[in-house]
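Engineer: Build me a model from this:
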Amino acid sequence: MGSLEEERLVQMIDDFMESPEPPTSPSSSSSSSNPLPLTSNTHYFFTLKEILGNSGRTAEIEVSEAVMKHMRRKTDAPKTTRLKKWLVMKLKMDGYHSCDLCHTSWVTSMGCPPGDYEYIEMKVEGGKRMIIDIDFKAQFEVARATESYKQLTQALPSVFVGSEEKVVQIISILCSAAKQSLKESGLHIPPWRTSTYMQRKWVAASQQRPKAAPLVKAIGKRVWGGGSALSTQFSNMSINCC
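Structural biologist: Coordinates of the predicted model:
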């Protein structure tokens, strides 16, 4: 290929990467009824799918199966505190005695508004936290979202079971994508959809428990879990589990 042709090809690639919504060719549009836009959102989408698909840890798989066994009958039920307590009771009956309902709360700081949230937490081998959230997907929805961002939220599970590390990774992707989505619509991201605010729902430096609970035994050689150094950033908030 001549140097002139190489320069023209490089310029075409640069123009494509800078375009927010590159046009789809007739051949590509015929290959899919709902093609994913070939933008940075494509990277967000496949990275998110990789994170969600990384459930090779035995404890995470076992707990997820137990949670879905019970929640399958409660698909349309309101995601209330009562339902969460019911799920905690069912999981403890299954032998997961370290399972607790947790309530996080935080004050205004660093431009982040105050808030509170409820989810279920379980301790696994090594003292790692496993987060169970029965209303996970709804936490990332935004008004006037672009189609590419809607595809990201649709990829999220309504019921989430996973490590704190996985939650932080998902927050990073979705909040970056939400900011880009709203920017394309001429809007700014609201403070309750920033990564700082979202992390405070599930991540905290201090955890208060009424008593030490037995650990869930993880079968196999691989140890589930992975704490996040980001936990140390939230000294003005707490998690109460009971």
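Engineer: elements contacting the strand ranked longest in the chain?
Structural biologist: Counting by DSSP state E, the longest strand found in the chain is strand 115-123. Counting contacts by 3 or more C-beta pairs under 8 Å, 6 or more residues apart in numbering; DSSP states H and E, strand 115-123 packs against helix 81-93, strand 100-106, strand 129-133, helix 195-202. Every residue, glycine included, has its C-beta placed from N, CA and C.
Engineer: quick one: average pLDDT of the second one?
Structural biologist: If you average the pLDDT over strand 100-106, you get 94.
Engineer: ditto for the third one
Structural biologist: Across strand 129-133, the average pLDDT comes to 95.
Engineer: Alpha carbons of that strand, as CSV, please.
Structural biologist: Extracted in CSV, the C-alpha atoms of strand 129-133 (Å, rounded to 0.1, in the frame of the first residue of the first chain):
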residue,chain,number,x,y,z
ARG,A,129,-17.8,-9.5,51.5
MET,A,130,-20.4,-10.9,49.1
ILE,A,131,-23.1,-8.4,48.1
ILE,A,132,-26.6,-9.5,47.3
ASP,A,133,-28.9,-6.8,45.8
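Engineer: sorry, back to before: in its sheet, which strands sit next to the longest strand of the chain, and in what direction?
Structural biologist: Strands adjacent to strand 115-123 in the sheet, as given by DSSP bridges, are strand 100-106 (antiparallel), strand 129-133 (antiparallel).
Engineer: buried set for that strand?
Structural biologist: 115, 117-123 (16 or more other C-beta atoms under 10 Å).
Engineer: Past the helix or strand of the chain with the lowest mean pLDDT, which element shows up next along the chain?
Structural biologist: For the chain, counting by mean pLDDT, DSSP states H and E, helix 26-31 ranks last in confidence among helices and strands (a mean of 39). Downstream of helix 26-31, the first helix or strand assigned by DSSP states H and E is helix 40-53.
Engineer: The helix or strand following that following helix packs against which elements?
Structural biologist: The C-terminal neighbour of helix 40-53 among helices and strands, as given by DSSP H and E, is helix 58-71. On a contact count with 3+ C-beta pairs under 8 Å, 6+ apart, helix 58-71 meets helix 81-93, strand 129-133, strand 160-163.
Engineer: Could I get the average pLDDT for helix 58-71?
Structural biologist: On average, helix 58-71 scores 93.
Engineer: okay, the angle between that helix and strand 129-133?
Structural biologist: Interaxial angle of helix 58-71 relative to strand 129-133 (axes from the mean of the first three to the mean of the last three C-alpha atoms, to 10 degrees): 20 degrees.
Engineer: Next, the angle from helix 58-71 to helix 81-93.
Structural biologist: Using the same axes, to 10 degrees: helix 58-71 against helix 81-93 is 130 degrees.
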